[in-house]
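Student: test case, fold it:
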Amino acid sequence: MSAIPATLAGGTIEAKLAAAGLPALPRTAWLEIDLDRLTANFGHLRSALPAGVRIEPVVKADAYGHGAVAVSRTLEAAGADGLCVATLDEALALRAAGIRLPISVLFPIPPEGVVEAARRGLTITAGDATLLERTLAVAHRSWADRSRRRVLRLSVEVETGLGRGGFAGADLARAVEAIRATPGVRIVGFWSHLSAPDDVILAGAQCRRFERLVAGVGRRVGVARHLAASGAILAGTAPALEVVRPGLILYGIVPDGLPVEPRLAPLAAGLRPVMRLLARPVRVVDLPAGHGVGYGPSFVTARPSRIATLPIGYGDGWARGLSNQATALVRGRRVPLVGTVAMDAIMADVTDVPGPPVGVDDEFVLLGEQDGERIDAVELARGRTTISWEVVTTMARRLPRVYYAGAGPIGIRTLIDEWYRWPESSFGTVTSAVSRSTRSSARPIHRSG
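Tutor: Numbers count the residues shown, from 1 in each chain. Coordinates of the predicted model:
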């Protein structure tokens with residue numbers, strides 16, 4: 001299994017979890033998240049950036065499907081300078097899990113959440129005039145109550161061409177003036193987002209517009225600017241400025257078709273995917289020629305066939321559009337997935353797999369590596385005519401996540417709870433979790449419900 005990370009090789013998943021004192025899987029379909037690879041990807045990025053540039057990874061949408069708590073905890077230990085999310089509740093969930101890093105919420109929040117955002121030390125975004133007016137009104141009222149005084153940190157989004165959010169021209173000047181006139185509110189940053197980071201001309205125009213607009217409102221000392229996310233970082237189409245917001249590349253995925261700047265080719269080549277999707281069959285059966293498989297049926301056996309049913313479907317994020325379009329790996333060999341993808345099941349034709357007949361103990365890989373073969377997010381994205389961001393982000397909450405670091409699994413997240421045993425060497429003075437459960441020496445960090 002030379003292509004599989006050492007931390008993921010050897011032994012059944014049940015044996016690995018039991019040896020780590022972690023609960024068993026509730027089903028035989030799961031994601032494996034390699035936190036060592038995440039840490040290594042972060043290190044590669046750090047070494048490629050100019051000294052002094054802050055790295056504030058994007059962990060929105062459950063860290064692109066990888067699991068926001070474990071990913072954020074790992075990035076915090078790796079030296080991230082802050083984190084970015086899209087919504088207020090994403091930020092509050094990280095605070096509830098003990099994440100202490102600065103957290104920026106990239107979309108405007110409801111005014112009703114302003115007091116809590118200030119209390120939790122979050123940075124929120126100003127990107128719409130009406131919502132900003134309401135936000136400042138709440139902040140002003142809160143500041144008047146001395147017992148509730150907390151400075152509200154605001155980052156101002158600048159409209160440079162994406163057409164999605166932010167202020168431009170006179171609107172930007174008015175927004176900045178209103179913020180500066182409100183006691184207890186502080187501008188901590190200006191930012192924008194590129195519409196086409198792979199397009200040198202469009203990206204260059206946005207960068208120049210951003211610099212001009214921010215200069216026009218008199219950026220003060222200590223107020224950071226950020227413009228570059230994953231695409232712009234690798235393509236070199238936007239300057240790093242004071243902060244970068246890497247997302248997809250930290251999870252080990254290079255955007256499909258992105259022209260990587262030659263000096264950053266070693267960074268792109270060094271990135272390794274963090275996520276694998278695996279399953280073991282819940283049924284393996286020999287079917288005669290002419291037998292339908294799945295709904296429709298959209299596939300009928302042309303010969304006597306051995307069919308394995310894997311307990312994963314579009315309810316888990318395996319898109320129905322992949323019906324009769326994808327493959328899986330078993331024993332390092334590609335096998336076709338046949339029939340219509342159901343909510344909870346897909347079927348693999350394992351007739352041609354050499355050796356003993358494939359059975360319920362065989363492990364299939366649907367995303368990731370096995371015995372030198374690999375199915376990556378870009379391949380799956382092309383199969384369902386989408387982008388790799390969507391492939392990983394739509395992995396459903398009900399898919400268990402098993403987290404690996406060092407010698408083996410250190411955590412598991414299910415619909416019931418999250419259990420972690422953080423290595424002391426990786427997390428400084430953080431104490432490994434101790435059991436609240438009757439069967440394990442690990443315990444849930446918080447209830448998922």
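Student: could you check the pLDDT of G292?
Tutor: Listed pLDDT for G292 reads 98.
Student: so what pLDDT did S425 get?
Tutor: S425 is given a pLDDT of 43.
Student: over to T431?
Tutor: 29.
Student: buried sites along stretch 167-175?
Tutor: Across stretch 167-175, burial judged by 16 or more other C-beta atoms under 10 Å covers F167, L172, A175. Where you see a C-beta, it was placed from the backbone N, CA and C, and this is true even at glycine.
Student: check stretch 256-271 too.
Tutor: In stretch 256-271, counting by 16+ other C-beta under 10 Å, buried: L258, V260, L264, L267, A268, L271.
Student: for the residues you listed, give me JSON lines that also has secondary structure and pLDDT.
Tutor: What follows is the buried residues of stretch 256-271, written out as JSON lines (DSSP: H, G, I helix; E, B strand; the rest coil; pLDDT from 0 to 100):
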{"residue": "L258", "secondary structure": "coil", "pLDDT": "96"}
{"residue": "V260", "secondary structure": "coil", "pLDDT": "97"}
{"residue": "L264", "secondary structure": "helix", "pLDDT": "96"}
{"residue": "L267", "secondary structure": "helix", "pLDDT": "97"}
{"residue": "A268", "secondary structure": "helix", "pLDDT": "97"}
{"residue": "L271", "secondary structure": "coil", "pLDDT": "98"}
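Student: and the residue nearest the centre of the chain, what does it touch?
Tutor: Central residue of the chain (C-alpha atoms, centre = their mean): Y64, 2.2 Å from the mean position. Shown in contact with Y64 (C-beta atoms under 8 Å, 6 or more residues apart in numbering): V58, G247, L248, Y251, W389, V392, T393.
Student: next, count neighbours for S147.
Tutor: Neighbour count of S147, defined by other C-beta atoms under 10 Å: 4.
Student: meant to ask about A68, not that
Tutor: 23.
Student: show me what contacts it?
Tutor: So A68 contacts V59, D62, V85, E90, A93, L94 (C-beta under 8 Å, 6+ apart).
Student: again, only using 7 Å
Tutor: V59, D62, E90, A93, L94 (C-beta atoms under 7 Å, 6 or more residues apart in numbering).
Student: sorry, back to before: need the buried residues of stretch 167-175 in a markdown table with distance to E379, can you?
Tutor: Compiled in a markdown table, the buried residues of stretch 167-175 are given as follows (distance: C-beta to C-beta, whole Å):
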| residue | distance to E379 |
| --- | --- |
| F167 | 40 |
| L172 | 42 |
| A175 | 44 |
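Student: which of these fall in helices?
Tutor: Those of the buried residues of stretch 167-175 mapping onto helices are L172, A175, per DSSP state H.
Student: just put the buried residues of stretch 167-175 in CSV and tack on pLDDT and distance to G321.
Tutor: Below are the buried residues of stretch 167-175 laid out as CSV (pLDDT from 0 to 100; distance: C-beta to C-beta, whole Å):
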residue, pLDDT, distance to G321
F167, 98, 38
L172, 98, 41
A175, 98, 42
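Student: tell me the one of the buried residues of stretch 256-271 nearest R280?
Tutor: Closest approach between the buried residues of stretch 256-271 and R280, by C-beta to C-beta: L271, at 28.7 Å.
Student: list the buried residues in the helix or strand hosting L213.
Tutor: L213 is part of helix 200-216, with elements assigned from DSSP states H and E. Burial within helix 200-216, assessed by neighbour count using 16+ other C-beta under 10 Å, is assigned to A203, Q206, C207, R209, F210, E211, L213, V214.
Student: now distance to F190 and pLDDT too, for the residues you listed, in JSON lines please.
Tutor: Output for the buried residues of helix 200-216, formatted as JSON lines (distance: C-beta to C-beta, whole Å; pLDDT from 0 to 100):
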{"residue": "A203", "distance to F190": "17", "pLDDT": "98"}
{"residue": "Q206", "distance to F190": "13", "pLDDT": "98"}
{"residue": "C207", "distance to F190": "13", "pLDDT": "98"}
{"residue": "R209", "distance to F190": "12", "pLDDT": "98"}
{"residue": "F210", "distance to F190": "8", "pLDDT": "98"}
{"residue": "E211", "distance to F190": "10", "pLDDT": "97"}
{"residue": "L213", "distance to F190": "8", "pLDDT": "98"}
{"residue": "V214", "distance to F190": "5", "pLDDT": "98"}
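Student: how about those residues in a markdown table, adding distance to A345?
Tutor: Output for the buried residues of helix 200-216, formatted as a markdown table (distance: C-beta to C-beta, whole Å):
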| residue | distance to A345 |
| --- | --- |
| A203 | 43 |
| Q206 | 45 |
| C207 | 48 |
| R209 | 50 |
| F210 | 48 |
| E211 | 53 |
| L213 | 52 |
| V214 | 52 |
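Student: sorry, back to before: would you turn the contacts of A68 into CSV with secondary structure, pLDDT and distance to R333?
Tutor: Listed next are these as CSV, based on DSSP: H, G, I helix; E, B strand; the rest coil; pLDDT from 0 to 100; distance: C-beta to C-beta, whole Å:
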residue, secondary structure, pLDDT, distance to R333
V59, coil, 98, 35
D62, helix, 98, 32
E90, helix, 98, 40
A93, helix, 98, 40
L94, helix, 98, 41
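Student: ok, and what's touching stretch 375-382?
Tutor: Contacts of stretch 375-382 (C-beta under 7 Å, 6+ apart): 253, 256, 273, 326-327, 329, 365-368, 387-388, 390-392.
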